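[1] this one's sequence-less:
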């Protein structure tokens, strides 16, 4: 998959490799609803004899045009989203930097300045996708905004357990520590990356930027240091610090890159063991 980053410095000279059918959206988490949009895009591209593209944005629009000081909790860094797109068979990933200038584009300007130069022949998006200044554009307008050069397909929402799958829903479940429910919405356990800092008697996990930290409690997880997955447990504190509770993963001090799958939180989150863990953290940290 080819990744092309577009910002205000180069967007006047967009050069697409070839015509494509494009999935449009932010796609945070690349959950099952997003996957349906991308799978629909790929099927249409194959039928039309075109390439499959994803057009997305970063940072989240709320960081640029939202309320002052509003923090966005991301599910995945852009690089990890790209890996998921590649596994879904996407040929081109266009990542547009969301800037104040970009936010001020009228809907027709967005289509004329970005989609047409990128040779998008058909656009696919979720039922609630909007574009242009104040989100005034929608799929019903896109054909007209493109001078009828772009046709569109709207994908309806996906439901699981009588709930509409959305990034907001998944964030809320992570805030509540309901990690065991996430495979129903993501298609897999929530996975994060970061580094484990191993010192005498205390192993702390620091997640990379753009991952959410679950609510406080003790969690069953699977961890991979590049040697295969093994099961273990972590403690998330009130201060959003993450400590490894065991079993031991290293006999020496050091810093290790790790992947973590969040399996479930203990039913009694404020358990005796968690309190002991807090005391241990307080005494040694």
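    That came through, no problem. Owing to the predicted nature of the structure, the values given are computational and were not obtained by experimental measurement. Numbers count the residues shown, from 1 in each chain.

[2] Could you use CA atoms for every contact and neighbour count after this?
    Will do.

[3] which regions of the chain lie under the pLDDT threshold?
    For the chain, residues meeting the criterion pLDDT under 70 lie at 9-17, 66-70, 250-251, 269-285.

[4] Could you pull out the buried residues of the one helix or strand residue 168 maps to?
    Assigned by DSSP states H and E, residue 168 falls within helix 167-175. Judged by neighbour count using 16 or more other Cα atoms under 10 Å, the buried positions of helix 167-175 are 167, 170, 171, 173, 174.

[5] Next, residue 147: secondary structure please.
    coil (DSSP: H, G, I helix; E, B strand; the rest coil).

[6] so how far is residue 158 from it?
    Look at residue 147 and residue 158: by Cα to Cα, to the nearest Å, they are 31 Å apart.

[7] gap between the two ends of stretch 142-155?
    So stretch 142-155: terminal residues 15 Å apart, Cα to Cα.

[8] So for that stretch, what gets flagged as buried?
    For stretch 142-155, the buried set under the neighbour-count rule, 16+ other Cα under 10 Å, comprises 142, 143, 145, 146, 150, 151, 152, 153, 154, 155.

[9] Now tell me what touches that stretch from outside.
    Residues outside stretch 142-155 that contact it (Cα atoms under 8 Å, 6 or more residues apart in numbering): 36-37, 40, 107-108, 111-112, 116, 120-127, 139-140.

[10] List the ones among those that fall in strands.
    Among the contacts of stretch 142-155, the subset assigned to strands under DSSP state E consists of 120, 121, 122, 123, 124, 125, 126.

[11] Now flag whichever of these is closest to residue 29.
    residue 126 (14.6 Å; Cα to Cα).

[12] thought the closest one was touching residue 35?
    No - contact criterion Cα atoms under 8 Å: residue 126 and residue 35 do not qualify, at 10.6 Å.

[13] returning to what we had before: distance between the helix holding residue 168 and the chain's centre?
    12 Å (Cα atoms, centre = their mean, to the nearest Å).

[14] Buried residues of the helix or strand following it, list them for me.
    For helix 167-175, the succeeding helix or strand toward the C-terminus, using DSSP H and E, is helix 183-186. By 16+ other Cα under 10 Å, the buried positions in helix 183-186 come out as 185, 186.

[15] What is the burial count for the spatially closest residue to residue 235 that is not a sequence neighbour?
    Among residues not flanking residue 235 along the chain, residue 218 sits closest, at 4.5 Å (Cα to Cα, 6 or more residues apart in numbering). For residue 218, the count of nearby residues is 28 (other Cα atoms under 10 Å).

[16] ok, residue 218 touching residue 263?
    No - here residue 218 does not reach residue 263: they are 10.9 Å apart, not a contact under Cα under 8 Å.

[17] want to try JSON lines for the ones in strands among the contacts of stretch 142-155, with neighbour count and distance to residue 255 as columns?
    Supplementary listing: the ones in strands among the contacts of stretch 142-155 in JSON lines, determined by neighbours: other Cα atoms under 10 Å; distance: Cα to Cα, whole Å:
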{"residue": "120", "neighbour count": "26", "distance to residue 255": "45"}
{"residue": "121", "neighbour count": "20", "distance to residue 255": "48"}
{"residue": "122", "neighbour count": "23", "distance to residue 255": "47"}
{"residue": "123", "neighbour count": "24", "distance to residue 255": "45"}
{"residue": "124", "neighbour count": "25", "distance to residue 255": "43"}
{"residue": "125", "neighbour count": "24", "distance to residue 255": "42"}
{"residue": "126", "neighbour count": "21", "distance to residue 255": "41"}
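
[18] tell me which of the residues you listed is nearest to residue 71?
    Using Cα to Cα, the ones in strands among the contacts of stretch 142-155 come closest to residue 71 at residue 126, 24.1 Å.

[19] Tell me the spatial nearest neighbour of the closest one, not counting adjacent residues.
    Excluding the flanking residues, the one nearest residue 126 by Cα to Cα, 6+ apart is residue 155, at 4.8 Å.

[20] Next one: that neighbour from residue 35, what distance?
    Taking Cα to Cα as the measure, residue 155 falls 11 Å from residue 35.

[21] Likewise for residue 178?
    22 Å.

[22] again with residue 247
    As judged by Cα to Cα, residue 247 and residue 35 stand 35 Å apart.

[23] more crowded one of the two?
    residue 35 (19 against 11).

[24] Next, find the distance separating that one from residue 123.
    Applying Cα to Cα to residue 35 and residue 123 gives a distance of 15 Å.

[25] One more: residue 50?
    For residue 50, the distance to residue 123 equals 12 Å [Cα to Cα].
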